[in-house]
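**Q** generate coordinates for the sequence data below:
(one chain, ligands or ions: 2)
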Amino acid sequence: MGLAMIGCGTVGSGVVRILQQSADLLTRRAGQPLQLRHVVVRDVNKDRGVDLSGCQISTDIQPILDDPAVSVALHLVGGIEPALSDITRLLKSGRDVITANKALLYEHGDELFELAGQLGRTLCFEAAVAGGIPIISMVNSSLTGNRISSIEAILNGTSNFILTRMLNEGQSYNEAVAEAQHRGYAEADPAMDVDGTDAVQKLILLTRLAFGTNVEMDRIVRQGIEHIELLDLLVAEELGYRIKLLATTRVKDGSLEVSLQPTLLKAHRGLAMTDGADNYISVSGDAIGRLTLSGAGAGQMATASAVMADIVDYATGRAQQTFQSLLRTRCNDRYSLLPADDLTRRYYLRFRVSDQPHVLADIADILGRHDISISSVRQDETRESGDRSGVARLVVLTHSTTEGNLRAADLELAKLDTLHGTRIRLPLADEPAT
Ligand code: NAP
Ligand code: HSE
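**A** Ligands and ions are numbered 1, 2, ... in the order given. Coordinates of the predicted model:
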């Protein structure tokens, strides 16, 4: 089977490694030898640490289109363009496509699936969500006998790596971001990882597949990890929690509740114990109950493992069947989205406040007037300053309340000149979603 690869960076060079290291095994599993014939990159002279001597290397996909021996193209490049044009050309030329590009699938997945369906082609994307974890195959095939009621997950390896490094190794936020980039976990623009964009794109892809419902990103409560400080991680730990960037979709009273937020999770939960670049996905279905998968959510070889799964599935014809089934059952907008203001959880609030009389009373008054009941308050003792110029850190845990109440209260809190810097507001997830 003739393969072509567009992009030979972190993921692509991992795929080349597996193709070369496990050629015999893959030939048996695929039922035919796999031959990588073309590699398309930006810089043909770059050393990629892998042997590409048997391939034609170019900067454009035209040689692939001109080669009748290529049946499937591995698309391992990020971004929207030229990714969209290249995949469109490949599909129209009669090639099937395997991609790892979740940003593209989030923005143009519907039209690409539609086009592939019309042309009788197949589009595979196991590597696009949760790196090496086979969640697409699980949702599309293995759990097909279930009505899924919830997904709770850690879907961004870079963010999880950063939070872990800050807490366990005392690394600064910036040092941890740089190390995640160096290890090949981060997106070309790591802002996509830390501001939650990458995780929310994956959550929306999963939500489309598992709940048949398309959700618009700007209607979801979404927060990244960029404002989380070591202080928050340490306070959470003292309270018996770990902070993780939690992606949740669940059916509640016939609507879908969808959110992506750094969340305080009870420290003993599997999600809370997921460290480094690992991801964790817990799916609840009416027949299976709760099923969890965890493992490498980013990185060269783990992601290449997911691409290889698609290649072998494609070689054996399984991928073509699964894709047809996906086309038949895809989005029917079965659920409406629960308005963000109606999300009901407990919250962790963290403020930097002037160490002056009445500050706590003002905060408690605003929270109380918005029907937010306080569960605990913690302020570390501050040094006696005499001139009231000191700043204290204040952490408030609330009882269950709505996102809407908190948003309204926050508008008033923002007007207090005794509050300084970013106000942190994180939900707590004391129990697993059902
Ligand atoms: P990467 O290391 O930055 O590699 C990107 C590759 O694409 C490079 O080889 C680059 O060529 C090539 N490229 C970029 N623009 C191109 C263009 N216009 N034409 C031809 N080639 C082009 O990225 P990556 O980490 O492998 O990620 C690739 C895709 O996989 C992305 O969609 C990413 O979101 C997804 N993904 C990554 C991971 C991960 O852990 N890294 C996990 C899951 C999914 P040069 O080398 O010559 O610059
Ligand atoms: N940048 C992504 C992450 C790669 O860190 O999870 C895997 O999709």
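
**Q** distance of R393 from N45?
**A** The spacing between R393 and N45, counted by Cβ to Cβ, to the nearest Å, is 52 Å. Bear in mind the C-beta positions are built from the backbone N, C-alpha and C, glycine included.

**Q** please name every helix or strand in contact with the helix or strand bottoming out on mean pLDDT in the chain.
**A** The helix or strand of the chain with the poorest confidence is helix 318-329; it has a mean of 92 (mean pLDDT, DSSP states H and E). Applying 3 or more Cβ pairs under 8 Å, 6 or more residues apart in numbering; DSSP states H and E, we find helix 318-329 packed against helix 102-119, strand 123-124, helix 300-316.

**Q** how about the helices in the stretch 1-150 of the chain?
**A** Assigned by DSSP state H, counting those that start in this stretch, the helices in the stretch 1-150 of the chain fall at 10-21, 23-30, 62-65, 83-92, 102-119, 135-137.

**Q** returning to what we had before: buried residues in the least confident helix or strand of the chain, which are they?
**A** Neighbour counts over helix 318-329 (16 or more other Cβ atoms under 10 Å) mark R318, A319, Q320, T322, F323, L326 as buried.

**Q** identify whichever of the helices of the stretch 1-150 of the chain lies nearest to ligand 2.
**A** Counting by Cβ to the nearest ligand atom, ligand 2 lies closest to helix 102-119 out of those; the figure is 6.5 Å.

**Q** who does that closest one touch, helix- and strand-wise?
**A** Helix 102-119 packs on helix 83-92, strand 96-99, strand 123-124, helix 197-211, helix 318-329, going by 3+ Cβ pairs under 8 Å, 6+ apart.

**Q** out of those, which one sits most buried?
**A** Greatest average neighbour count among these goes to strand 123-124 (a mean of 27), per mean count of other Cβ atoms under 10 Å.

**Q** ok so, going back, and the helices and strands packed on helix 102-119: which comes nearest ligand 2?
**A** Shortest distance between ligand 2 and the helices and strands packed on helix 102-119, using Cβ to the nearest ligand atom, is found for helix 197-211: 5.3 Å.

**Q** which is the next helix or strand following the closest one?
**A** Sequence order places strand 221-222 as the next helix or strand after helix 197-211, per DSSP states H and E.

**Q** buried ones in the helix or strand just after that next one?
**A** Downstream of strand 221-222, the next assigned helix or strand under DSSP H and E is helix 230-238. For helix 230-238, a neighbour-count test (16+ other Cβ under 10 Å) marks D232, L233, V235, A236 as buried.

**Q** repeat that for stretch 419-432.
**A** Neighbour-count burial for stretch 419-432 [16+ other Cβ under 10 Å]: L419, I424, R425, L426, P427, L428, A429, P432.

**Q** repeat that for stretch 150-169.
**A** 150-167.

**Q** so N279, which of the three states?
**A** strand (DSSP: H, G, I helix; E, B strand; the rest coil).

**Q** can you spell out the domain ranges of the chain, please?
**A** Using automatic domain parsing, the domains assigned to the chain come out as 2-128, 135-295, 340-429.

**Q** for these, give me JSON lines that also has distance to ligand 1 and mean pLDDT.
**A** Converted to JSON lines, those look like this (distance: least, Cβ to the nearest ligand atom, whole Å; pLDDT from 0 to 100):
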{"stretch": "domain 2-128", "distance to ligand 1": "2", "mean pLDDT": "98"}
{"stretch": "domain 135-295", "distance to ligand 1": "5", "mean pLDDT": "97"}
{"stretch": "domain 340-429", "distance to ligand 1": "25", "mean pLDDT": "94"}
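
**Q** so for V307, which of these sits nearest?
**A** Across the domains of the chain, V307 has its closest neighbour in domain 2-128 (4.8 Å, Cβ to Cβ).
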